[in-house]
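[1] below is the sequence, then the predicted model.
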Amino acid sequence: MRVTLRRLAMLLLAALTVALDQLSKGWALEHLASGRIQPLLPGLLQLQRVRNTGAAFSLLTGAPALLGLVSAVVSLVLLGWILWRPPAGPWNVLALGLLLGGAVGNGIDRWRDGAVVDFLEFIPIHFPIFNIADVAINLAVACFLLDLLRPHADRHS
């Protein structure tokens, strides 16, 4: 895949991620009462809208300005990476697009409201409530790991 196509793929994936994240959060704000549980996939996943002023696992709770700044810096660094030094491997293309989209999606919430809208909750395990941007960030980490596990000769194909 040529460099220009890789850049375009990453930016389109990031834009799609932001759009899905913001649309789903808008839906959650409109249709889910705060704190009220609504089953989605019985025994697996339920909906519960919460306002998260922290980062992953509620780290830095109550520091929205700092987290907004971190989101902005991470987003700008990722955008710079994509524009000036795009990765060669397909797993890194996916990872950077998803990571940028997730950072921007949660960043929009932090900049606009000082908190992130979370609404997806796993039932079988005790895990923090999350959103589409969080899913994208976790998928990005998985893509980076998959790339690291590939044989060195295959990484840039």
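    Done, it's in.

[2] drop to CA atoms for contacts and neighbour counts, all remaining ones
    OK.

[3] and the next helix or strand past the helix or strand hosting residue 30?
    Per DSSP states H and E: residue 30 is located in helix 3-31. As assigned by DSSP H and E, the chain's next helix or strand after helix 3-31 is strand 37-41.

[4] what ranges do the helices span in the chain?
    Assigned helices in the chain, in chain order: 3-31, 64-84, 90-113, 132-149 (criterion: DSSP state H).

[5] with just CA atoms, put the second one into CSV.
    Once side chains and other backbone atoms are set aside, the C-alpha atoms of helix 64-84 remain, and they are given as CSV (Å, rounded to 0.1, in the frame of the first residue of the first chain):
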residue,chain,number,x,y,z
PRO,A,64,-10.9,17.5,33.2
ALA,A,65,-8.6,20.3,32.1
LEU,A,66,-5.5,18.1,32.4
LEU,A,67,-7.2,15.2,30.6
GLY,A,68,-8.4,17.6,27.9
LEU,A,69,-4.9,18.8,27.4
VAL,A,70,-3.6,15.2,27.3
SER,A,71,-6.2,14.3,24.7
ALA,A,72,-5.3,17.2,22.5
VAL,A,73,-1.5,16.5,22.7
VAL,A,74,-2.0,12.8,22.0
SER,A,75,-4.3,13.6,19.1
LEU,A,76,-1.8,16.1,17.6
VAL,A,77,1.2,13.8,18.0
LEU,A,78,-0.8,10.9,16.3
LEU,A,79,-1.9,13.2,13.5
GLY,A,80,1.7,14.3,13.0
TRP,A,81,2.9,10.7,13.0
ILE,A,82,0.4,9.8,10.4
LEU,A,83,1.1,12.8,8.1
TRP,A,84,4.9,12.9,8.4
